[in-house]
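Engineer: Quick one, what's the 3D model for this:
(2 chains)
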Amino acid sequence: MERKAGLEGRDDNELARLMRAAITGDERAYEQFLRQIAGLVRGFARRKVQSGIDPEDVVQETLLAIHMKRHTWRADTAVTPWVYAIARHKLIDAFRRRGSRVEIAIDEIAETCAEPGHDIPSHREVDRALAALAPGQRSVVAAISLEGHSISETAKRLGMSEIAVRVALHRGLAAIAKRFGRN
Amino acid sequence: METNELIRALASDARLRAAAPSSVWWGAVGLASALAAVIFFTTLGPRSDIATAAETPRFLFKFVVTITLAVSAFGLVRVLSRPEETSRRAILYLATAPALVITAVIVELFLVPQDAWLAKLVGTNSVTCLTYIPLIGIGPLATFLLALRHSAPAKPTLAGGVAGLLAGGIAATFYAAQCTDDSPLFVATWYTIAITSLALVGAVGAHRFTRW
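Structural biologist: Numbering: from 1, shown residues only, chains lettered A, B, ... in the order given. Here you go, the predicted model:
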């Protein structure tokens, strides 16, 4: 099947470059990658979402899924079809939890384009998953995400080694991805 | 937590630790074959007349079918284990093994007199076949479900069913070395039932354990 991503090939190459850098541990490249992906997925989710679902929840769940499954992207293929496939999977998941089913055609996704972010604070699904974490993991994830501390600052504040912080962060994010929308 | 805050946490966990799916699948198929071999050789073992049997086309044909099934299911399950599963054509590969069996059944019906058809179909090992193919295949199936869990299948239930066919193809390849019922009529009936049962277990198992 021929797929047209809602991006120029050049942009996809840029995403692929960022992703390859991210996989080797380049945190700034990964942050840039995730911000661009969030924009794409936000545009897609806002178009597709039904009442009762916050599109930003879909964006966040998709970002978590992309993070947990990033080893399934093959470095010799385009990034955007892979991203949209995961977004579609997570959107269908959200609909299913709402008790309704939809079929989303790939062509419809292709027409979707990126939209800028919005900053309306609200109580999100991700916060519920965060609250359900074990205390050690929760304080590490909260320090890095909500409070904006680096790994080393978090290690000092919590009296942990940096490796222990990284392990707690990794496990905490995995647990959040698993629990998202299910508690 | 706002999306930018979530991104900050994800970015701090950038470095990739998980193994690439292609190496996981090759590892899984190696482990699965080893598990199947251990169960086969400790319970059944090959038939005593295997050297003579190996010169008969019906005996050899069983391996053509079971290995074809395993190879095509392996190719397909790897496609289905990806989120952007593109190739619906890959499902056609799966038709190769059934097509071989159907052709062989037709040939067999010409070669064997009509009054012997039922005896060839029923054989003497149907219970052993229905017991041991699932028994040899269950370890491999568990291995493949773990590999699926590590992947990101767009349709977990379908992928699990194909994982069951892969486990069934491997198990049947070992079992065929023991079974003395070599008629395609027997293979088409009992092997199919045994392998289909593994496919059903795979579909249900994947639905429950490999959702992501």
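Engineer: switch to C-alpha atoms for all contacts and neighbour counts from now on
Structural biologist: Will do.
Engineer: just checking, what packs against the helix or strand where A:R47 lies?
Structural biologist: Taking DSSP states H and E as the criterion, A:R47 maps to helix A:27-48. Counting contacts by 3 or more C-alpha pairs under 8 Å, 6 or more residues apart in numbering or on different chains; DSSP states H and E, helix A:27-48 is packed against helix A:9-23, helix A:55-68, helix A:79-97, helix B:3-12.
Engineer: Can you list the buried residues in the third one?
Structural biologist: Spelled out, that is helix A:79-97. By 16 or more other C-alpha atoms under 10 Å in any protein chain shown, the buried positions in helix A:79-97 come out as A:79-95.
Engineer: Counting by contacts, list what it packs against.
Structural biologist: helix A:9-23, helix A:27-48, helix A:55-68.
Engineer: Buried residues, the helix-or-strand element of chain B with minimal mean pLDDT. List them.
Structural biologist: None of the helices or strands of chain B scores lower by mean pLDDT, DSSP states H and E than helix B:90-93, at a mean of 81. Of all the residues in helix B:90-93, those buried under the rule 16+ other C-alpha under 10 Å are B:90-91.
Engineer: Let's verify the most centrally placed residue in chain B: helix, strand, or coil?
Structural biologist: Nearest to the geometric centre of chain B sits B:L166, at 2.0 Å (C-alpha atoms, centre = their mean). At B:L166 the chain is in helix, as set by DSSP: H, G, I helix; E, B strand; the rest coil.
Engineer: Wait, it touches B:I67, no?
Structural biologist: No: proximity of B:L166 to B:I67 does not meet the contact threshold set by C-alpha atoms under 8 Å, at 9.5 Å.
Engineer: Show me what the host helix or strand of B:V77 is packed against.
Structural biologist: Remark: B:V77 resides in helix B:57-80, with elements defined by DSSP H and E. Contacts defined by 3+ C-alpha pairs under 8 Å, 6+ apart place helix B:57-80 against helix B:90-93, helix B:96-111, helix B:156-176.
Engineer: Restricting to C-alpha, output the last one in CSV.
Structural biologist: If I follow you right, that is helix B:156-176. Provided in CSV are the C-alpha atoms of helix B:156-176 (Å, rounded to 0.1, in the frame of the first residue of the first chain):
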residue,chain,number,x,y,z
PRO,B,156,-2.3,-8.7,18.5
THR,B,157,-4.9,-11.5,18.1
LEU,B,158,-4.1,-12.2,14.5
ALA,B,159,-0.4,-12.1,15.2
GLY,B,160,-0.9,-14.5,18.1
GLY,B,161,-2.8,-16.9,15.8
VAL,B,162,0.1,-16.9,13.3
ALA,B,163,2.5,-17.4,16.2
GLY,B,164,0.5,-20.5,17.0
LEU,B,165,0.8,-21.7,13.4
LEU,B,166,4.6,-21.2,13.7
ALA,B,167,4.7,-23.2,16.9
GLY,B,168,2.5,-25.8,15.3
GLY,B,169,4.8,-26.0,12.2
ILE,B,170,7.8,-26.6,14.4
ALA,B,171,6.1,-29.1,16.6
ALA,B,172,4.7,-31.0,13.7
THR,B,173,8.1,-31.2,12.0
PHE,B,174,9.4,-33.1,15.1
TYR,B,175,6.3,-35.2,15.5
ALA,B,176,6.4,-36.2,11.8
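Engineer: starting at the chain centroid, how far to it?
Structural biologist: 2 Å (C-alpha atoms, centre = their mean, to the nearest Å).
Engineer: now it and helix B:57-80, what's the angle there?
Structural biologist: Between helix B:156-176 and helix B:57-80, the angle comes out at 160 degrees (axes from the mean of the first three to the mean of the last three C-alpha atoms, to 10 degrees).
Engineer: what sits up against stretch B:188-199?
Structural biologist: Stretch B:188-199 has contacts (C-alpha atoms under 8 Å, 6 or more residues apart in numbering or on different chains) with B:101-102, B:105, B:121, B:126, B:129-131, B:133-134, B:137-138, B:141, B:160-165, B:167-169, B:172.
Engineer: Narrow the residues you listed to those that are buried.
Structural biologist: Buried members of those, counted by 16+ other C-alpha under 10 Å: B:101, B:105, B:121, B:126, B:129-130, B:133-134, B:137-138, B:141, B:160-165, B:167-169, B:172.
Engineer: check contacts around the residue nearest the centre of chain A.
Structural biologist: By C-alpha atoms, centre = their mean, chain A has its centre lying nearest to A:L63, at 0.7 Å. By C-alpha under 8 Å, 6+ apart, the contact list for A:L63 reads A:34, A:37-38, B:7.
Engineer: Make a markdown table from those residues and add neighbour count and pLDDT to it.
Structural biologist: Formatted as a markdown table, the contacts of A:L63 follow (neighbours: other C-alpha atoms under 10 Å in any protein chain shown; pLDDT from 0 to 100):
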| residue | neighbour count | pLDDT |
| --- | --- | --- |
| A:L34 | 26 | 97 |
| A:I37 | 21 | 95 |
| A:A38 | 25 | 96 |
| B:I7 | 24 | 96 |
